[in-house]
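**Student:** When you get a sec, could you give me coordinates for this:
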Amino acid sequence: MTASSAGVRAELDLDALAVHLQAILPTGLAGPLSASLISGGRSNPTYRLSDTAHQWVLRRPPYGHVLPNAHDMTREYTVIAALGDTAVPVPAAVLLCEDTSVLGAPFYLMELVEGRAVGTIEQAASLTPAQRHGLGLDLADTLAALHEIDPVTVGLEGFGRPDGYLQRQLKLWSRQWELSKTSERPAVAALLDKLGRALPATRFPGIVHGDVKLDNVLVAPDDPARIVAVLDWEMATYGDTLADVGLMLGFWDVPGQTFNPLTKGLATLDGFPTRTELLDRYRSRRGIDLPEIDWYTIFADFKIAVILEGIHHRHSRGETVGEGFEDIGAMVGPLLDRALDLAAQSEIPELRR
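**Tutor:** Residues are numbered from 1 along each chain as shown. Sure, this is the predicted structure:
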């Protein structure tokens, strides 16, 4: 999605932004600023920003209703800056502005990575089956590489607390649901009860991305089986790395089962690894076993449903920017139902009850 410069100017105060950047960038600005909307963001509005010599990406929180602890620009900037010299591909961090007088909210700039998006069926359909297979495996490899990083070595030891992480996550997303819900859904209480009774111990602490999916990566223009940037780190933390694996699987649809309404069967295109292959690849890269993975996958569907309800809440109040929000509310129920279906079939007894 794009927006005209005039439209963006009404959302981004380019005059105020130019004054700020002129003062803070080491070389100042090379000419006037222009901006276009890359994504209205079912989450964070994201803009391509340029002067006559440079191009950046600007990220800011959504306009209007924002959940507590969500859309944290400082968190996102901190983690991509910390990972800049690791095996995990991230855009270079340029600057963080926490002064809300500039744009009305915190924001940050990062480098513009020349990459190819593969997060929709239409985008992935342009790849060959072999490229899709390689891309799926590279996603699992990239996630394993992230989870093998010692947070202490990159300065993220204080980025979160693995102990009690899952308990806090359940409380957080239960609270977020209560703050965002637009209707009562009995499935929420049922899922929270099951997840609470089956809560696993955190066995593999590490850096958690928090939103692992093909829509949040860019691939090399000349090699779409190679990821060149992992994006959208707003929910990153130091916690239970298997939460990311559950999310990856939640966005990885299975033929014959209910699709995630966001991905719409993307991973069932010919060539993509199966969910089992993806999980086996990750497991072999880390040399670990994952007996409780159903819990994490069910929690992922619940978490995504809560996020979508929050977006639906903002859209119903006219607080979203861009297009593609009209059907968000209708996606919540299918995700909750899918999570209950998986719980009913799980080998974990507490989830089946």
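**Student:** domain parsing for this protein?
**Tutor:** Domain assignment for the chain by automatic domain parsing gives 5-111, 116-352.
**Student:** The ones you listed into JSON lines, with extra columns for mean pLDDT and mean neighbour count?
**Tutor:** The C-beta positions use only the backbone N, C-alpha and C, and glycine is treated the same way. Below are those laid out as JSON lines (pLDDT from 0 to 100; neighbours: other C-beta atoms under 10 Å):
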{"stretch": "domain 5-111", "mean pLDDT": "87", "mean neighbour count": "17"}
{"stretch": "domain 116-352", "mean pLDDT": "95", "mean neighbour count": "18"}
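**Student:** what about the helices in the stretch 251-353 of the chain?
**Tutor:** 275-286, 293-316, 329-345, 349-352 (DSSP state H, counting those that start in this stretch).
**Student:** try the stretch 101-250 of the chain
**Tutor:** Using DSSP H, counting those that start in this stretch, the helices of the stretch 101-250 of the chain run over residues 121-125, 129-147, 165-180, 186-197, 242-250.
**Student:** Check which helices and strands the longest one is in contact with.
**Tutor:** Put plainly, it is helix 129-147. The elements that helix 129-147 packs onto, with contact taken as 3 or more C-beta pairs under 8 Å, 6 or more residues apart in numbering; DSSP states H and E, are strand 205-208, strand 217-220, strand 223-230, helix 242-250, helix 275-286.
**Student:** Compare those and report which one is nearest to residue 264.
**Tutor:** helix 242-250 (13.5 Å; C-beta to C-beta).
**Student:** So which elements touch the closest one?
**Tutor:** Packed next to helix 242-250, using 3+ C-beta pairs under 8 Å, 6+ apart, are helix 129-147, helix 165-180, helix 275-286, helix 293-316.
**Student:** And that helix, how far out from the chain middle?
**Tutor:** Its chain's average C-alpha position is 11 Å from that of helix 242-250, according to C-alpha atoms, centre = their mean, to the nearest Å.
**Student:** go on, stretch 183-190?
**Tutor:** With C-alpha atoms, centre = their mean, you get 24 Å for stretch 183-190.
**Student:** For it, give me every contacting residue.
**Tutor:** Residues outside stretch 183-190 that contact it (C-beta atoms under 8 Å, 6 or more residues apart in numbering) are 174, 177, 181, 302, 332, 333, 336, 337, 339, 340.
**Student:** which ones are touching the first one?
**Tutor:** The reference is to residue 174. Neighbouring residues of residue 174 by C-beta under 8 Å, 6+ apart: 188, 192.
**Student:** and what of the third one?
**Tutor:** Under the criterion of C-beta under 8 Å, 6+ apart, the neighbours of residue 181 are 188, 309, 313.
**Student:** Please report the distance of it from residue 107.
**Tutor:** Look at residue 181 and residue 107: by C-beta to C-beta, to the nearest Å, they are 29 Å apart.
**Student:** again, but for residue 252
**Tutor:** Using C-beta to C-beta, we find residue 252 at a distance of 32 Å from residue 107.
**Student:** got it, and residue 29?
**Tutor:** Using C-beta to C-beta, one gets 16 Å for the distance from residue 29 to residue 107.
**Student:** Need the residue closest to the centroid of the chain.
**Tutor:** In the chain, the centroid-proximal residue (C-alpha atoms, centre = their mean) is residue 211; its distance is 2.9 Å.
**Student:** quick one: which of the helices of the stretch 251-353 of the chain is nearest residue 168?
**Tutor:** helix 293-316 (12.5 Å).
**Student:** For the closest one, which helices and strands make contact with it?
**Tutor:** Using 3+ C-beta pairs under 8 Å, 6+ apart: helix 293-316 touches helix 165-180, helix 186-197, helix 242-250, helix 329-345, helix 349-352.
**Student:** send the alpha carbons of the last one over as CSV?
**Tutor:** This means helix 349-352. C-alpha atoms of helix 349-352 as CSV (Å, rounded to 0.1, in the frame of the first residue of the first chain):
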residue,chain,number,x,y,z
PRO,A,349,-4.1,-34.4,28.5
GLU,A,350,-4.7,-31.0,30.2
LEU,A,351,-5.4,-29.4,26.8
ARG,A,352,-7.9,-32.1,25.8
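**Student:** which residues are contacting stretch 133-148?
**Tutor:** Residues contacting stretch 133-148 (C-beta under 8 Å, 6+ apart): 83, 86-89, 118, 127, 204, 206-207, 209, 212, 214, 217, 219, 224-227, 230, 241, 244-245, 248, 252, 267, 271-273, 277-279, 281-282, 285-286.
**Student:** can we see that at 7 Å?
**Tutor:** With C-beta atoms under 7 Å, 6 or more residues apart in numbering as the test, stretch 133-148 has contacts from 87-88, 118, 127, 204, 206-207, 209, 212, 214, 217, 219, 224-227, 230, 241, 244, 248, 271-273, 278, 281-282, 285-286.
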